[in-house]
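Participant: sequence and computational prediction follow.
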Amino acid sequence: MHEWPWDAAGARAWVDGSLAAARAARERIDAVNVFPVPDADTGTNVALTLAGGAAAVHLLDPAASVPGVCGALADGAARAARGNSGIILGQWLRGFAAGLDGDGADGDGADGRTAPQRLGAVLGRAADSARRAVPDPRDGTVLTVAREVADRVARSDGPDAARALTRALADAREGLPRTSAALDVLRDARVVDAGACALLVVLDVLAHVLRSGRAPRPDELDLAWLPAPATAVVPGPAGVTGGAFEVMLLVRPDGGRAEQQADHRPGGREGDHGVEDDLAVALAHVGDSVAVADAGLLRHGHVHTDDPAAALAVVPARQVAQAVVRRLDLPPADPGLVIVTPSPGMAAWFATAGAVTVVRGPGAVVDGLEEQVARAAADTHAASVVVVGVGVPAGLGPVTADGVRLDVLPVPDDGTAAVACLALLAGGRDRAGAAAREVLARLRTASSGSVQGPEPGARQSARPDPGADACPVPASAAVVAAVRRLRAAHPDGQAVTLLHGTAWTATDAAVAARELERDGLDVVLAGPAVGVTWWAGLD
């Protein structure tokens with residue numbers, strides 16, 4: 001779209017400038033985040049989303065076209081998207097790229113449209129695409145603002161697209177309090193929509209690039225219009241009105257077949273298989289705040305739910321490229337905690353303990369573990385993170401590409417991970433990793449078919465029977481007897497963690513727990529875990 005004026009260098013300047021501006025505006029946007037839930041992270045989520053898009057652009061051939069640059073931005077942003085706001089922005093970028101790709105003009109205005117009309121059409125395509133990401137779009141949000149800006153640009157007089165966009169953005173900023181008041185939750189909180197603020201920051205950078213051909217310098221960023229309330233929104237249980245957990249699913253609709261990868265062109269399609277709708281409908285049955293973005297060969301779904309396991313089950317495991325679960329009503333902690341588990345049923349338990357939980361379920365064709373852990377570590381918003389998980393190599397890290405320090409604690413199974421998680425919570429944040437290692441060094445375990453304890457000076461690890469879930473349901477009395485044998489050999493044991501599978505249920509585990517509590521033990525229940533009928537750890 002040369003009439004803007006616009007070229008690939010300008011497109012790259014917009015990418016880098018948008019990321020810098022989003023990072024600069026992050027705290028102010030976080031502070032007004034109350035919709036869809038008051039978790040104070042929209043600014044952070046948008047910055048992380050754009051960082052993924054910028055990384056994808058930086059991998060392109062230097063000769064990539066404008067649609068190629070914007071398509072890669074859309075692919076990378078949608079794949080890296082965080083939260084509802086990130087998904088919507090990723091899908092807005094998808095529509096923007098599709099609008100560029102389908103513009104059809106050769107740059108000389110031969111189609112009769114002015115530059116503002118052409119830019120308005122592209123922004124309109126982006127606005128439509130963002131609205132389709134949400135099965136229940138709400139007026140007064142970023143979706144309304146995206147449409148208003150596009151319409152204002154398209155109606156502008158004169159040939160100057162940069163001037164038209166600049167004026168449209170000034171009108172949108174001035175009218176943002178009135179626009180946001182259309183949504184009752186924003187009106188009651190007397191704040192503007194955080195997602196709309198983020199989009200306007202990105203479009204401000206676009207306007208600057210169109211005017212000058214370069215990204216704005218830090219001293220040229222105009223962020224003074226962003227609200228700065230005296231009291232920032234803080235995550236907490238009182239503000240969460242929908243599902244308590246956020247689940248984000250990166251899905252391969254076709255199972256990731258290689259022959260389809262060969263035909264993929266970044267930004268080249270906009271949900272032409274209708275998979276977004278199918279995924280959105282499935283997620284809407286298990287929660288709210290649903291949004292789905294097209295991430296090229298992948299689809300990225302977001303939902304708030306009280307049943308993470310149900311959300312993780314909406315697509316076949318073989319199609320899951322990435323699954324991340326976190327609790328919405330817990331404030332950030334430092335160090336942060338990342339858990340890697342093969343058990344979808346354990347996601348809620350680990351997330352409730354404060355972990356950003358990566359689920360690598362049975363049969364899932366997941367992406368590289370290092371990338372998964374780095375994403376989850378960034379989601380903790382902490383400078384240092386303890387990583388506990390099944391299959392996590394000890395050599396992972398020690399620092400992610402984003403500069404987050406990792407303290408990696410590999411464990412053999414979910415039972416040991418649960419014990420480590422409890423130790424981290426009880427041991428104090430200043431020595432979290434050391435506290436967990438001390439507990440695991442003295443841990444004695446029993447599982448269906450085995451009773452184990454540590455060798456002198458060695459850390460204990462349990463080895464459940466590979467086919468344990470197929471075993472007959474054990475009587476709770478057998479579990480109690482196994483724990484009592486452990487305690488007889490190690491009378492200093494004071495607490496036991498009981499992990500149940502799918503055959504030995506939570507109800508069965510509760511019966512065993514009551515019996516063990518009569519013995520004077522503190523008992524914690526967890527589950528359901530895969531690959532084991534039952535597991536017990538004595539500390």
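Facilitator: It's in.

Participant: roughly how far apart are the most centrally placed residue in the chain and residue 507?
Facilitator: The centroid of the chain falls nearest to residue 82 when counting by Cα atoms, centre = their mean (4.1 Å). Residue 82 is 37 Å from residue 507, where distance means Cβ to Cβ, to the nearest Å. Where you see a C-beta, it was placed from the backbone N, CA and C, and this is true even at glycine.

Participant: one step back: grab the nearest non-local neighbour of the residue nearest to the centre of the chain.
Facilitator: Leaving aside its chain neighbours, residue 82 sits nearest to residue 45 (3.8 Å; criterion: Cβ to Cβ, 6 or more residues apart in numbering).

Participant: check whether that neighbour really touches residue 86, as I assumed.
Facilitator: Yes. Under the criterion of Cβ atoms under 8 Å, residue 45 makes contact with residue 86 at 4.6 Å.

Participant: does residue 484 really touch residue 521, like I thought?
Facilitator: No. The criterion here is Cβ under 8 Å, and residue 484 misses it with residue 521 at 9.6 Å.

Participant: OK, contacts around residue 163?
Facilitator: residue 156 (Cβ atoms under 8 Å, 6 or more residues apart in numbering).

Participant: a strand runs through it, doesn't it?
Facilitator: No. Counting by DSSP: H, G, I helix; E, B strand; the rest coil, residue 163 is not part of a strand but helix.

Participant: low-scoring stretches of the stretch 101-250 of the chain, by residue?
Facilitator: Per-residue confidence of the stretch 101-250 of the chain (counting by pLDDT under 70) places the weak regions at 103-110, 181-191, 229-241.

Participant: can you tell me the SS state at residue 249?
Facilitator: Residue 249 ends up strand, using three-state DSSP.

Participant: from residue 54, how far off is it?
Facilitator: Residue 249 is 23 Å from residue 54, by Cβ to Cβ.

Participant: next: residue 47.
Facilitator: To residue 54, residue 47 is 10 Å away according to Cβ to Cβ.

Participant: residues shared between the contacts of those two?
Facilitator: What both residue 47 and residue 54 touch, as defined by Cβ under 8 Å, 6+ apart, is the set residue 19.

Participant: residue 159 reaches residue 116, doesn't it?
Facilitator: Yes. The criterion here is Cβ under 8 Å, and residue 159 meets it with residue 116 at 7.5 Å.

Participant: pick out whichever of the two has more residues nearby.
Facilitator: residue 116 (26 against 13; other Cβ atoms under 10 Å).

Participant: mind listing the strands for the protein?
Facilitator: For the chain, the strands defined by DSSP state E occupy 245-251, 288-295, 298-305, 320-327, 336-341, 356-359, 384-390, 405-411, 444-447, 450-452, 495-500, 522-526, 534-538.

Participant: would you list those strands in CSV and tack on distance to residue 198 and mean neighbour count?
Facilitator: CSV is the format used below for the strands of the chain (distance: least, Cβ to Cβ, whole Å; neighbours: other Cβ atoms under 10 Å):
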stretch, distance to residue 198, mean neighbour count
strand 245-251, 18, 26
strand 288-295, 14, 26
strand 298-305, 16, 26
strand 320-327, 20, 23
strand 336-341, 23, 28
strand 356-359, 22, 28
strand 384-390, 25, 25
strand 405-411, 28, 20
strand 444-447, 47, 26
strand 450-452, 51, 15
strand 495-500, 41, 25
strand 522-526, 38, 18
strand 534-538, 44, 29
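
Participant: now do the contacts for the residue nearest to residue 218 when sequence neighbours are not counted.
Facilitator: Setting aside the residues directly before and after it, residue 218 is nearest to residue 24 in space (Cβ to Cβ, 6+ apart), at 6.9 Å. With contact taken as Cβ under 8 Å, 6+ apart, residue 24 is in contact with 218, 221, 223.

Participant: neighbours of the second one, just the number please.
Facilitator: What that stands for is residue 221. By other Cβ under 10 Å, 18 other residues sit near residue 221.
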